[in-house]
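J.: I'd like to go over a predicted model; first the sequence, then the structure.
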Amino acid sequence: MTSRIALPLPWQRAVSVASGLRARRVFGFPGETAEDRTATLDLVEHLGTRGAVTNMHFFMPLPGTALAGARPVFLSEGVRRRLDRFAQQGILRGRWRRQEKISRKWVCR
């Protein structure tokens, strides 16, 4: 029996060509929900089982941009652990942890 993950339609196409795929995702956008994160993590894991590698970033409210004053939604420890596990498995890369730390400093000024 195979298990299926309910994915949004555009991602269903990506799953069929996942081997060698390099995806980029960003966590922490204002308004992001726990459900959004779970779906993203499930997608990263699902694509990773098919040979894809995801480069993860964290939202940074850069000065001079339209979202300069926006407040990021910071990661829970459980999400961080799952991202770390994906990195150890080789299906996730990126500087998301450093970017989150920088975002936290900017917001807490």
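T.: Looks like it came in fine. Predicted model, so just to flag it, every value in this text is computed and none were measured.
J.: helices along this protein, start to end?
T.: Applying DSSP state H to the chain gives helices spanning 9-16, 34-48, 77-89, 96-107.
J.: between those helices, which one is closest to residue 57.
T.: In this view, the helices of the chain are compared for proximity to residue 57 by Cβ to Cβ, and helix 96-107 is the closest at 5.7 Å. From N, CA and C alone the C-beta is placed, and that goes for glycine too.
J.: name the residues that touch the closest one?
T.: Here helix 96-107 makes contact (Cβ atoms under 8 Å, 6 or more residues apart in numbering) with 27-28, 56-61, 71-72, 74-75, 80, 83.
J.: now which of those residues would you call buried?
T.: Those of those that meet the buried threshold are 27, 28, 56, 57, 58, 59, 60, 61, 72, 74, 75, 83, by 16 or more other Cβ atoms under 10 Å.
J.: and the two most separated of those residues?
T.: Between all members of the buried ones among the contacts of helix 96-107, the farthest pair (by Cβ to Cβ) comes out as 61 and 83, at 20.5 Å.
J.: where in this structure is pLDDT low?
T.: Scanning the chain with the threshold set as pLDDT under 70 gives 1-20, 108-109.
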